[in-house]
Every structure is written in C-alpha cells, then in structure tokens.
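Asks: coords please:
(4 chains)
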There are 2 protein chains.
Amino acid sequence: MGAKEKRVKNKEEFRREILNSARELFIDDGYEKFSMRRLAEKIDYSPTTIYLYFKGKDDLLLAICEEVAEQFLTRMSHIRSVQSNPYEALRQAMLYLVEFAFDNPNHYKIFFLTRPNVYGTQEEFMKRESMARNSYFEFRKVVQVCIGAGKLRPMDIDVLTQVLATAPHGLITMMLYRSSFPWADRRVLATTLVDGLLRGFRK
Amino acid sequence: MGAKEKRVKNKEEFRREILNSARELFIDDGYEKFSMRRLAEKIDYSPTTIYLYFKGKDDLLLAICEEVAEQFLTRMSHIRSVQSNPYEALRQAMLYLVEFAFDNPNHYKIFFLTRPNVYGTQEEFMKRESMARNSYFEFRKVVQVCIGAGKLRPMDIDVLTQVLATAPHGLITMMLYRSSFPWADRRVLATTLVDGLLRGFRK
DNA sequence: ACTATAACTTAACAGCGTTAAGGCTTATTG
DNA sequence: CAATAAGCCTTAACGCTGTTAAGTTATAGT
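Replies: Here you go, the predicted structure:
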C-alpha cells in the first residue's frame, strides 16, 4: 500500500526532525538544560508526542550517541584511507578524538553522560549492529595495522586498543567537567599525551 | 560561652552525621538513586533540615568529593614516604588511582559526576585550600621527584602531571560508565596503561 | 454512514531541588 | 516570673523533571 509506506516514511521523517531539534537544543543550551518538555516546546508538540517516536529519554540519547559515533567512524575511515603511514594514522585518530571532543563538547557530554547500559549487556553490544561498536572496530583496525607494520610492540590487540582509546578520554572528560582546574594548554596536553603514549608502545 | 560552643559542636557533629548517611546512601544505592529527599528520609528529618547544614545538594556533594580527595591524598603521602624509588612511587600512585576507583565506584562517580565549577573559578580553586587541590600537588610532587631523579624526560611539570593523572581517569570512567562494552581484564588494562605511559616519558 | 485506526493532547503520577513561612522548644533578658 | 529572642525543625508550596493512562480528533477503509 502506497499510503502506508508514505505514513511510515513520514513517521521516520518526523523522528529525524525530533532528533535534529534535540541536537540543536543540546548544542544551543547545553546538556544540563535539555529536557523532554523543553524539546517538546521547541518542536511545538506536547511532550507525550515524542514518546510515540522514541521509547523515552534514554532511547533519544542513544540515537544521538549513534550519530556522534557515526561521525567519528566516518572520520576514522577517512584518515585510514588518506594516511598511508599507519603510525601517523593512529596518531591522527587519537588527536582527532580530543579535537572532536573540544569542538563538540555537548555532543561529547551526551555520549558520555548517557546512563550506563543503554547499549544492553556486553553480548548484546557485540551482537547488535551499532555505530559505537563499529567505530571501536574501526579504531582497532588502525591499531592492528600499526602492530602488523611493526610500528608498535606486538601485544593483545584489544588491550592496546582499549588503552589507547580511553586514555585521551580521560583528558577530555576531566577538562570538560573540571573546568575550574587551571589546565595547561589543550593542544600541548593532547599532543603530549598522544605522543607519549604511542612512544611507550613503540617497538 | 560554653553553651554556645557546645551548640556549635553539635552542629558540626550533625553535619558529619548527615555526611556519613549521605556516603552510605551513595554506596548502598548508587549515585543515580541518591536524592536530598531520600537522604532526609534516611536520617529521619525533613528535607529542609539538610539545608540548615549544607547550602544545597552541590555543597553536600562537594563535601563528599573532599573526603574522597583526602583519602587519595593520605594514600599518596604514604606511598611517597614508603617507596624510596621515585619511579616506582609514581607507578604505584597511578595504579592506586585505578584501584581506588574500582573499589569505590560510587565515591568515584560522586567525584566525577558532581557538576562542574563547584570549586569556583580557576583562580579560586588555586587560592582556596581544598583536598582536591592538595592531592593534585601531592601527585605533582611525585612526578617532580621522578624528573629530578632523571627517571623521566625533563619537561613542563604541570603538563606531564596532568597527562599522567588524567589518562587513568579515562580508563576508569569508560569502564564504569560503559559497562556494556566487553572490556579486557581490569588489571591488565591498568598495568598496560600505566607502564606504557611511563615508558613513553622515560629518559 | 459507520467503524477502525493513527496522531496527538490533556491530565495526572511520582519524583526532584529548593524556598518561604510558621511552630515549638529552649535560653536570655527586663 | 513573664516577655522576648534564638535556634531548630517542619509543613506547604513552587517549578521543574520523565513518564503513562485515558481521551479527543481527524482521516481512511468498508
């Protein structure tokens, strides 16, 4: 039925519109001020309407997390295709992580502040297709190539990937959430961390 | 006046009792379930009573953060006095950071999730005496000694301190908040990170 | 024309942090 | 001793929050 398809399509369109407005609200007013009711007001519908398109706030946040992860994934693939030097690709990937966070602090906060376990159990996470999962594997590939090319010490690929991925996250979150601390220059901190860390795992 | 002093002492005692109950509530039920009203119920007072002893929720959280920082500070001093090898002291300090976080995830969440800027502006943070500030300087000393002893490359002490302190934080927060991800073994990750990182800054 | 369905809203529940106002008990003063 | 002041605590309320149940309204299909 053509009508039904149209209805479905409209439903998906509307879902996207809500998502776009939510993202705008986050960027304009910050994570702290975001609420379902404010979002409803922004899109000129009653709060309950949103619940016809998203299971709840967590579901909406999860959808935005996936957007963020998709952006990251895209950039990661780009770096990998452009940069032939594997070590430099990894370096750039890590630096991009930090750069992205500071350019989009609210996106990053969404990704981080979303309550735990929105992705389900560990097994569910690995089974279910998700941008978050895919971008992990994309980053892992970059690390893998580095080891394969003999640039980094051979070791458990997942351990190394997780160490390299989370360390910059620490710098980011602390700087974002403890802004009252007199941090050193962002770029200096980022390059020092990344270069130091990679040097530590060089062959 | 003796009576006045006694009253003041009682006031401080009560403040401590509230704080203790708050900590208990955090540990038993987790950060997410904590609220002023639930705390009030636990101590068998009306919610407003808490406001006679704390400015508000943030103030209460800040007090708990300070407790956490004090614990960290004590341990840090202990390590420094026991361990004569500066490099090993730094290594242990960093490993302790991770260990503490996983042993006291709720404490750590409080410290982290507390809204930004509760410590005021950057200048205020450095001026005002606080356990958070002191423990930073304590950690900084450990790093300083390492550089002084020629164990680490000479470089900006604050940059290095901040890099070494925040990197483990990334591992911790990600593992605590993204528990649906199939992380590798905690200890392996912790030692890999710390040893790799320190190796990267060795002379 | 009647009915079913889809889209949306109103009203409400239960919770939150916080504040203003008032009550009650104890201490201080005229 | 009676009147007043101070300290401690509570009740009630404001304005938020996420979420749900029930009801309305308009449109499509028979």
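Asks: Excluding residues flanking it in the chain, which one is nearest the residue nearest to the spatial centre of chain A?
Replies: With distances taken as Cα atoms, centre = their mean, residue A:69 lies nearest the centre of chain A, 3.8 Å away. Excluding its sequence neighbours, the residue lying closest to residue A:69 (Cβ to Cβ, 6 or more residues apart in numbering or on different chains) is residue A:131, at 3.6 Å. Any C-beta I mention is one placed from the backbone N, CA and C, and that applies to glycine too.
Asks: my read: that neighbour touches residue A:70, true?
Replies: Yes. The pair residue A:131 / residue A:70 is scored as a contact, 4.5 Å apart, by Cβ atoms under 8 Å.
Asks: Name the residues of chain A found near DNA strand C, please.
Replies: Residues of chain A lying close to DNA strand C (Cβ under 7 Å from any atom of the strand) are A:7, A:10, A:11, A:14, A:44, A:45, A:46, A:47, A:48, A:49, A:52.
Asks: what number of residues lie near the fifth one?
Replies: Applying other Cβ atoms under 10 Å in any protein chain shown, we find 8 other residues in the vicinity of residue A:44.
Asks: can you list the domains in chain A?
Replies: What automatic domain parsing lists as the domains of chain A is A:1-54, A:57-201.
Asks: Packed most tightly, which of those domains would that be?
Replies: Most buried of the domains of chain A by mean neighbour count (mean count of other Cβ atoms under 10 Å in any protein chain shown) is domain A:57-201; its value is a mean of 18.
Asks: Between which two of the residues of chain A next to DNA strand C is the distance greatest?
Replies: For the residues of chain A next to DNA strand C, with distances taken as Cβ to Cβ, the pair at the greatest spread is A:7 and A:47 (22.6 Å).
Asks: immediately after the helix or strand where residue A:21 lies, which helix or strand?
Replies: Assigned by DSSP states H and E, residue A:21 belongs to helix A:2-29. Using DSSP H and E, the helix or strand that follows helix A:2-29 in sequence is helix A:36-43.
Asks: Of all residues in chain A, which one is closest to chain B?
Replies: As assessed by Cβ to the nearest Cβ, chain B sits closest to residue A:170 within chain A, at 2.5 Å.
Asks: so what's that residue up against?
Replies: B:166, B:167, B:168, B:169, B:170, B:171, B:172, B:173 (Cβ atoms under 8 Å, 6 or more residues apart in numbering or on different chains).
Asks: I'm done for today, thanks for sticking with me.
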